[in-house]
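Student: Build me a structure from this.
(3 chains)
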Amino acid sequence: MGSEERSNQKNECVSLSLMREDVPETETICVFGTGDMGRSLGLRLMQAGYGVIFGSRRPQNCQILPSGAQVLSHAEAAQRSHLVFIAVQREHYEFLVPLANQLKGKVLVDLSNNLMKNQYPEANAEYLQSLVPGADVVKGFNTLSAWALQNGPSDANRQVYLCGDRTEAKQEVKAVATKLGFSGLDQGSLSVSRKLEDFPLQLFPLWRLPLRIALGLTASLFFYLLIREVLFSYITEGKDISFRIMVSLANKVCPIVALTMLALCYLPGVFAAFLQLYRGTKYRCFPDWLDRWMLCRKQLGLLSLGFAFLHVLYTLIIPIRYYVRFSLSERTVSQIRENRTNVFDTSLAWHSDSYLAFGIIGFGLYVLLGITSLPSVSDALSWKEFSFVQSKLGHLTLLLCTIHTYLYGGSRFLRSYMYKWYTPPGYMLCLVLPTVVILLKLLLITPCVDRTITRIRQGWERGVDQKNAKEITPLML
Amino acid sequence: MGSEERSNQKNECVSLSLMREDVPETETICVFGTGDMGRSLGLRLMQAGYGVIFGSRRPQNCQILPSGAQVLSHAEAAQRSHLVFIAVQREHYEFLVPLANQLKGKVLVDLSNNLMKNQYPEANAEYLQSLVPGADVVKGFNTLSAWALQNGPSDANRQVYLCGDRTEAKQEVKAVATKLGFSGLDQGSLSVSRKLEDFPLQLFPLWRLPLRIALGLTASLFFYLLIREVLFSYITEGKDISFRIMVSLANKVCPIVALTMLALCYLPGVFAAFLQLYRGTKYRCFPDWLDRWMLCRKQLGLLSLGFAFLHVLYTLIIPIRYYVRFSLSERTVSQIRENRTNVFDTSLAWHSDSYLAFGIIGFGLYVLLGITSLPSVSDALSWKEFSFVQSKLGHLTLLLCTIHTYLYGGSRFLRSYMYKWYTPPGYMLCLVLPTVVILLKLLLITPCVDRTITRIRQGWERGVDQKNAKEITPLML
Amino acid sequence: MGSEERSNQKNECVSLSLMREDVPETETICVFGTGDMGRSLGLRLMQAGYGVIFGSRRPQNCQILPSGAQVLSHAEAAQRSHLVFIAVQREHYEFLVPLANQLKGKVLVDLSNNLMKNQYPEANAEYLQSLVPGADVVKGFNTLSAWALQNGPSDANRQVYLCGDRTEAKQEVKAVATKLGFSGLDQGSLSVSRKLEDFPLQLFPLWRLPLRIALGLTASLFFYLLIREVLFSYITEGKDISFRIMVSLANKVCPIVALTMLALCYLPGVFAAFLQLYRGTKYRCFPDWLDRWMLCRKQLGLLSLGFAFLHVLYTLIIPIRYYVRFSLSERTVSQIRENRTNVFDTSLAWHSDSYLAFGIIGFGLYVLLGITSLPSVSDALSWKEFSFVQSKLGHLTLLLCTIHTYLYGGSRFLRSYMYKWYTPPGYMLCLVLPTVVILLKLLLITPCVDRTITRIRQGWERGVDQKNAKEITPLML
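Tutor: Below you'll find the predicted structure:
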């Protein structure tokens, strides 16, 4: 094999462990456990040029292991390698206690995952460390899918998160990960392992609340508009306009949800500022609900952008719809038949064009906000740049989209026929929250309020003796 | 110079090598080779504050080197620095053999690239190591363009991939890379160097097959539709509708290619599942063609998204086209002249709006799939999240787009005039593959089949004595 | 506390410093300065499980520190921890001079920022190092916002950039950053600290010039078109068409700015090639203005894409505008009333469709260029791939968009009524630059010119004795 020849030539070790001088031709790695994980990992390790020894309770009975791998008893296997992957379920970890002597000074890699969060009082890796205190436990490889373990890295399976208390042990495991084609990322001490064990279990944890809000809003608006528009028309006029559900109704729900969620995205920041103003300090924690809300602002904003995107598509296909083409043609036909002369209404043209222009520029900024939310883009920005985009441009976007909606409504606010069954039309509902946010924000950026807020955020506290606290002028950011 | 003063003050070494105590005021780096690469690198090293000594066979003859650099014979130059950049072509590496003594314990950085893949039996860096076994060879800097070597990092020239067998040597080179403004990435042992040497040669290797499929599909569809629509109309009716090529025809080719490639993106997964079902194990390799196909699914999907994007644009500009405006106006005119009364067809309105609505939501999900394919986004997802998006939402996208196409066809399937020259219209052709994929997928998610598949993917094998294999319950992912 | 129990069990230190054997149960970190930064950092350190000791001049007077933290005099505090965060403003650093003995061998983390660039002759961290030469100064944490220091990582606050002259010191600080949830990035020696101190001050430095160009172009074009179209019509015909400002005018300004800036993005590359041709070498620096121009090509291109995106939106909403619907309907009405028969003009249909098709494909490529500019995408490309996309596809985009504009103009170039008040219409203005760039580029890719350019870029110099310079054939990239 090519790789063996090469290691003969150079007589140098791939592993990062710097102590051992006599390096074997092929480095050997031990895998405890002959289940799916063990076999998948063993296969991949052998492909990368490692010698693999499986540790098994009844080694003579294992017939389905990858060819080329040795199978020994746990105790024998442990003595043949400095690195031992533990591919066994946590419930069976006790079998390692009698092996404490053989495992002393070895690096144990805990690959295990749980079926749900908080299944056990402590993390699996910490439990393993407590059972074999003489070994160096490294948590890792558990965030990969079994597919990736067997076939190497692919999207979302590129990074091997590692944690452990001993740096050399982590570097040794990182070197193996690198050789298997993954990129190892040191996440800190073993106390991080619970986080790593929870990682594969999570399914968009930060997206749940915003998604629920979006779905709730969408569903309730849909039924509200269904009753107000389709049912009203059917009951009072006997007209069946149910076909409007697919596009017209959807194109009312989408912008309302989008604007409301954009306002929800900027509302907690305003709340927080007023709370700091009221308390006169920034060193007291926000209430739990406000913290949770602030943490999911990015998700609220991105969902809002999604709905705005659908709104744009729904709007742009308007002229292709059969219904619209039919109506426009009918209007022309009736104009001729009734011999009416239409007069061009300049103010209507202004109105219609402004409404569209504000929408376009608002959507352009919206997309810009979305792009700067991409991890690689926001990582490349300084926080001053990021907060400029997300706060200044974000509020500008909200303002433009709110104006867009006001212009859409136009003078219709005053006409009584809009209030079918005494309910306001949808766009009025969606204007409430954004208007509140914009007014509160305007209040916050008036010079006198802004000055106080700035001082509080630089560490000033109302009612505290500033002379003593500032004995050495502190840093201000 | 400012940087010299600073190093005087602190008397500390920038290099990461921890052994040497007596550090010179300015660290000196040696560059062998006075060609373009050598000069570019030397210039950049000097700008970063290093002292640079060029090694040359005839040092007195070198007149075009950056001012400030020293030129010595190879042997002399090697003694002045711990780090030697080898900016010489591989064919001339033999001149290093007599220098073995001077290079002992030094770090040699191999910058070389080849003109094509597999030009030599072993990687250049491995060949270099075999010539000078006493030195530590590090492969690196070869993935940068000459422009970046001279002028510092820019897009796609930010990362310096390094590999080598000795950690300290790699860290020393990484420190230099950092000081030049690049970010060094340790890629593992020297055996990786072939991969690094191939990297600058590649031009979208994973995109070739998908691009060929896309181009082949596009070209054949274009000619099929050209014959069926334009030529047919010209020959049978004598009408010249060739102007339709630019938009109407393109807007038929794009969605067909998009939907077919989306189906091609999900077909191999379905094949693989049936193969695993048939074989009763996941531990046997897939046939080579299936492996290659599965590896380029992402590229197939993204190209498909590109065609879908063009389809959306082509569709949205429909109402601006002269042809469309003319036809609509003519229809209204003829309606009045012939004094016909059009009746609004609710079922047609439903049909037209549903068709558009499915398309919009399908495209929205499509874009979402594209965004989660961005490296920085997919790296931030757990594989559970990634596979949820790409598999669940991906199949949903395929379903929505297929329904969109069925609705577009509508009842036209049954009308004989659609089969000009006995050929089916384009949208029928493009429905074949997606329908097959969706039906097979439906089969796979029926409870009984799904259960077997899941067991196989957790490592269960048909016909294997499970009692022995599972002596210690293995990990399941 | 859970974390204390755990460290009892394992008796291992989280810190990466490998020298100390006796590790305290909870690691203690010292923070000098009780201002906002100090308190924020202290709070976060305690939440992460560290013991925190504040150093203060008058420790008995500090009442507002986070509960659980100790406050001692600077000298006492320094003796209790190996790691000291300096959260004090640079002007007060002198108080550290008398503490030189206590700080010997300690790691000092400089968190300070300045109010403006070049405020002091040397970087704060370098000044600190000169005051306490016996300690190891690490610059870091200064790129985080105060919010992130107190509450942990968020977008654009995830990465802690570190620099310093001693590797172990940096690793120790990196370990703390990791434990606080940030990812530490080693940026090199302490001489980089000025760059790190400038980072939080910058607000899109590379975007300023392109933004100014974009705004200048937009404003001047807007007034030009306002005069030429709206004012001209009002003065010569007395017609008020001011409503066109919102959409029609904007949709003329956007594409002109977009195309001009795309041309500006490719012009400097052409200039540079001709300069190298003229000089016969690539080893002489470009003039300063050309260097600055070339550095902001990416930003010019992305701004151009933004304007193109707005142009697309403005174009797609055309059929929804009241003005357009009114005109189309009026045209049909007048056709019937005057009993005219319109004849379908195939060449007009070809023209209109080609114009749209070139625009669509040009915009599709535009978006592709934008996507490959995303940091995570361009990092995944080799420079050969990146330059293929940005150069080949980029020039193709420019070509397609220029053809799109020529087709838009069509035969109108020749009609005199287009030259109102002797001024050319906007699209003619915007064709000048792209045409020049395309012609120059065509000249550059003619075989004979291309060969010379390629040789120059491989290091060949006109008038230099090549025999001596190439004694050992240099590497060519």
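Student: Quick check: the gap between residue A:207 and chain C.
Tutor: Between residue A:207 and chain C the distance, using CB to the nearest CB, to the nearest Å, works out to 15 Å. The C-beta positions use only the backbone N, C-alpha and C, and glycine is treated the same way.
Student: What is the burial count for that residue?
Tutor: 17 (other CB atoms under 10 Å in any protein chain shown).
Student: Test my guess that it contacts residue A:299.
Tutor: Yes. Using CB atoms under 8 Å, residue A:207 is in contact with residue A:299, at 5.1 Å.
Student: Secondary structure class of residue A:265, three-state.
Tutor: Under the three-state scheme (DSSP: H, G, I helix; E, B strand; the rest coil), residue A:265 adopts helix.
Student: I should have written residue A:29 there, sorry.
Tutor: The three-state label given to residue A:29 by three-state DSSP is strand.
Student: List the contacts of it.
Tutor: A:45, A:50, A:51, A:52, A:53, A:81, A:83, A:84, A:85, A:176 (CB atoms under 8 Å, 6 or more residues apart in numbering or on different chains).
Student: Any figure for the gap between the closest residue to the first one other than its chain neighbours and chain C?
Tutor: Which is residue A:45. The shortest distance from residue A:45 to any non-neighbouring residue, by CB to CB, 6 or more residues apart in numbering or on different chains, is to residue A:52 (5.0 Å). Residue A:52 is 29 Å from chain C, where distance means CB to the nearest CB.
Student: what does residue A:81 give?
Tutor: Separation of residue A:81 from chain C (CB to the nearest CB): 22 Å.
Student: ok, now which ones touch the nearest residue to that residue once chain neighbours are set aside?
Tutor: Of all residues not flanking residue A:81 in the chain, residue A:30 sits nearest, at 3.8 Å (CB to CB, 6+ apart). Residues in contact with residue A:30, defined by CB under 8 Å, 6+ apart, are A:52, A:53, A:54, A:55, A:77, A:78, A:80, A:81, A:83, A:84, A:85.
Student: Go through those residues and single out the one with the most neighbours.
Tutor: Going by other CB under 10 Å, residue A:55 tops the contacts of residue A:30 with 31 neighbours.
Student: can you pull the pLDDT of the residue nearest to residue A:45?
Tutor: Predicted confidence (pLDDT) for residue A:52: 90.
Student: Can you tell me the SS state at residue A:109?
Tutor: Residue A:109 - assigned by three-state DSSP - is strand.
Student: all strands of the stretch 51-200 of chain A, in order?
Tutor: Taking DSSP state E, counting those that start in this stretch, the strands of the stretch 51-200 of chain A run over residues A:51-56, A:70-73, A:83-86, A:107-110, A:136-139, A:159-164, A:183-186.
Student: Check which strands are paired with the third one and give the direction for each one.
Tutor: To tie it back to what came earlier, the one meant is strand A:83-86. Partners of strand A:83-86 in the sheet, by DSSP bridges, are strand A:28-32 (parallel), strand A:107-110 (parallel).
Student: How about the last one?
Tutor: Within its sheet, and counting by DSSP bridges, strand A:183-186 is paired with strand A:159-164 (parallel).
Student: and the strands of the stretch 51-200 of chain A as TSV, adding distance to residue C:157?
Tutor: Formatted as TSV, these follow (distance: least, CB to CB, whole Å):
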stretch	distance to residue C:157
strand A:51-56	42
strand A:70-73	49
strand A:83-86	35
strand A:107-110	31
strand A:136-139	26
strand A:159-164	20
strand A:183-186	18
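Student: still on that earlier bit, pick the one among the contacts of residue A:30 closest to residue A:365.
Tutor: Nearest to residue A:365 among the contacts of residue A:30 is residue A:85, at 50.2 Å by CB to CB.
Student: Could you check how many residues crowd around the nearest residue to residue A:361 once chain neighbours are set aside?
Tutor: Of all residues not flanking residue A:361 in the chain, residue A:400 sits nearest, at 5.8 Å (CB to CB, 6+ apart). Look at residue A:400: counted by other CB under 10 Å, it has 20 neighbours.
Student: Verify the contact between residue A:400 and residue A:369 for me.
Tutor: No. Here residue A:400 does not reach residue A:369: they are 11.8 Å apart, not a contact under CB under 8 Å.
Student: re earlier: in three-state terms, label the residue nearest to residue A:361 for me.
Tutor: helix.
Student: Buried residues in stretch A:268-276, which are they?
Tutor: Within stretch A:268-276, the residues that count as buried by 16 or more other CB atoms under 10 Å in any protein chain shown are A:268, A:269, A:270, A:271, A:272, A:273, A:276.
Student: of all these, which two lie farthest apart?
Tutor: A:268 and A:276 (12.4 Å).
Student: tell me the contacts of the residue in the stretch 151-300 of chain A that chain B sits nearest to?
Tutor: Distances between the stretch 151-300 of chain A and chain B by CB to the nearest CB are smallest at residue A:156, namely 3.3 Å. Contact analysis of residue A:156 by CB under 8 Å, 6+ apart lists B:378, B:379, B:381, B:382, B:383, B:385, B:386, B:387.
Student: Looking at the residues you listed, which one is closest to chain A?
Tutor: The closest of the contacts of residue A:156 to chain A turns out to be residue B:386 (CB to the nearest CB; 3.3 Å).
Student: can you narrow the contacts of residue A:156 to ones near chain C?
Tutor: Among the contacts of residue A:156, the residues within reach of chain C (CB under 8 Å from any CB of the partner chain) are residue B:379.
Student: will you turn the contacts of residue A:156 into CSV that also has secondary structure?
Tutor: Below are those laid out as CSV (three-state DSSP):
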residue, secondary structure
B:378, helix
B:379, helix
B:381, coil
B:382, coil
B:383, helix
B:385, helix
B:386, helix
B:387, helix
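Student: Just the buried residues from the contacts of residue A:156, in PyMOL please.
Tutor: Selecting only the buried entries of these in PyMOL, with 16+ other CB under 10 Å as the criterion:
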select buried, chain B and resi 378+379+381+382+383+385+386+387
